[in-house]
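K.L.:
kindly generate the corresponding structure for this input.
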Amino acid sequence: MLFIPLSNEFLYPLLEAKGFNIQPLRRMEYGMFFTAVAFFASTLLEYSIQRGPPNSISLAWQIPQITILTVAEILLNVTGLEVSLIFTFILLFMYIHASNFGVLFCSVFILLADQFKSHWIHHHHHQQLTLDYCVLLL
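P.N.:
Residues are numbered from 1 along each chain as shown. Down below sits the predicted model:
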């Protein structure tokens, strides 16, 4: 949990100052790369454990791979949540405006139907008919 604020306050500004692209999708790519590095480090450690005598490898050798995996998780998962929240907001924004456009379209349709009603549409069925058309178009 300490790595998240450290990343936001120190790591990202440092990488940006060095010329690295730290946009959200690029951070997710870096996270995937570091995940692969962490699993490679885990493979090397497991190979050493299996090849060596029992209890010859210190538990401290897991710290580098856990640290790399933690950084990868921050780059990938935390950034992924940020991106998903941004896209959720955009989709919600688009849905609300699409709904408003549908209401506007139906309102204009009802007004036009009221202005240009034909002689074959009887007045007592007119409102229900335009409402049916509006619902059908939606």
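K.L.:
if I look at the residue nearest in space to the middle of the chain, how far off is residue 77?
P.N.:
The residue lying closest to the centre of the chain (Cα atoms, centre = their mean) is residue 84, at 1.8 Å. Residue 84 sits 10 Å away from residue 77, going by Cβ to Cβ, to the nearest Å. Every C-beta, even on glycine, is put in place using the N, C-alpha and C of the backbone.
K.L.:
okay, the residue nearest to the centre of the chain: pLDDT?
P.N.:
Looking at residue 84, its pLDDT reads 80.
K.L.:
low pLDDT regions in the protein?
P.N.:
113-138 (pLDDT under 70).
K.L.:
residue 9: how many residues sit nearby?
P.N.:
Number of residues near residue 9 (other Cβ atoms under 10 Å) recorded here: 10.
K.L.:
and it, how far from residue 80?
P.N.:
Relative to residue 80, and taking Cβ to Cβ, residue 9 is found at 20 Å.
K.L.:
and the nearest residue to residue 49 once chain neighbours are set aside, how far is that from residue 71?
P.N.:
Distances taken as Cβ to Cβ, 6 or more residues apart in numbering place residue 57 nearest to residue 49, at 5.1 Å, with adjacent residues excluded. Plainly put, residue 57 is 23 Å away from residue 71 if you go by Cβ to Cβ.
K.L.:
neighbour count for the two, which is higher?
P.N.:
Remark: of residue 57 and residue 71, residue 71 carries more neighbours, 20 against 16, as counted by other Cβ under 10 Å.
K.L.:
from what I can see the more buried one touches residue 3, true?
P.N.:
Yes - with contacts counted by Cβ atoms under 8 Å, residue 71 reaches residue 3, the gap being 6.4 Å.
K.L.:
helices and strands around the longest helix belonging to the chain, which ones?
P.N.:
In the chain, assigned by DSSP state H, the helix with the most residues is helix 79-115. Packing contacts for helix 79-115, counted by 3 or more Cβ pairs under 8 Å, 6 or more residues apart in numbering; DSSP states H and E, involve helix 24-51, helix 123-137.
K.L.:
so which bits of the next helix or strand after the first one are buried?
P.N.:
Past helix 24-51, further along toward the C-terminus, the next helix or strand under DSSP states H and E is helix 62-73. Within helix 62-73, the residues scored as buried using 16 or more other Cβ atoms under 10 Å are 65, 68, 69, 70, 71, 72, 73.
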